[in-house]
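Q: Compute the structure for the input listed below.
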Amino acid sequence: MKRFLIFLVLIAITSSNAIAQGCSQCKLMAEQGVGIDDTTFASNINSGILYLMAFPYLILLILFRKQITRFLKSFFAQVKSPQ
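A: Numbering: from 1, shown residues only. I've put the predicted structure just below:
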């Protein structure tokens with residue numbers, strides 16, 4: 001158990017560097033796009049962020065589809081039959 005906690009702490013510490021790099025890239029793109037039409041540039045940045053955000057969730061849905069459907073069936077079965 002102690003090794004597992006140490007592993008989780010190390011993962012949390014090392015992953016923050018990767019997240020910070022992505023944020024600086026978005027900030028740089030937003031700063032460079034100041035001269036461009038604001039509505040289209042902001043829309044493109046937001047669409048890109050949503051596009052990048054959607055793929056990990058789609059991959060997880062594909063990998064764990066059986067577990068998800070099993071959970072949803074049991075959840076809705078409990079909702080329909082009040083105790």
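Q: tell me which element residue 28 falls in.
A: If you go by DSSP states H and E, residue 28 is part of helix 2-32.
Q: tell me the mean pLDDT over that helix?
A: Regarding helix 2-32, the rounded mean pLDDT is 70.
Q: Distance of residue 45 relative to residue 53?
A: Residue 45 sits 13 Å away from residue 53, going by CB to CB, to the nearest Å. Heads up, the C-betas are built off the backbone N, CA and C, glycines and all.
Q: and if you look at residue 62?
A: For residue 62, the distance to residue 53 - CB to CB - is 16 Å.
Q: ditto for residue 65
A: 20 Å.
Q: Repeat that for residue 3.
A: 32 Å.
Q: Need the contact partners of the helix or strand containing residue 66.
A: Per DSSP H and E, residue 66 falls inside helix 65-80. With contacts defined as CB atoms under 8 Å, 6 or more residues apart in numbering, helix 65-80 is touched by residue 61.
Q: so for that helix, what's the average pLDDT?
A: 90.
Q: contacting residues for residue 43?
A: Contacts of residue 43 by CB under 8 Å, 6+ apart: none found.
Q: how near is it to residue 70?
A: For residue 43, the distance to residue 70 - CB to CB - is 39 Å.
Q: again with residue 61
A: 14 Å.
Q: ditto for residue 50
A: 29 Å.
Q: tilt between the helix or strand harbouring residue 49 and helix 65-80?
A: Secondary-structure assignment from DSSP H and E places residue 49 in helix 38-63. On the basis of axes from the mean of the first three to the mean of the last three CA atoms, to 10 degrees, helix 38-63 is oriented at 90 degrees to helix 65-80.
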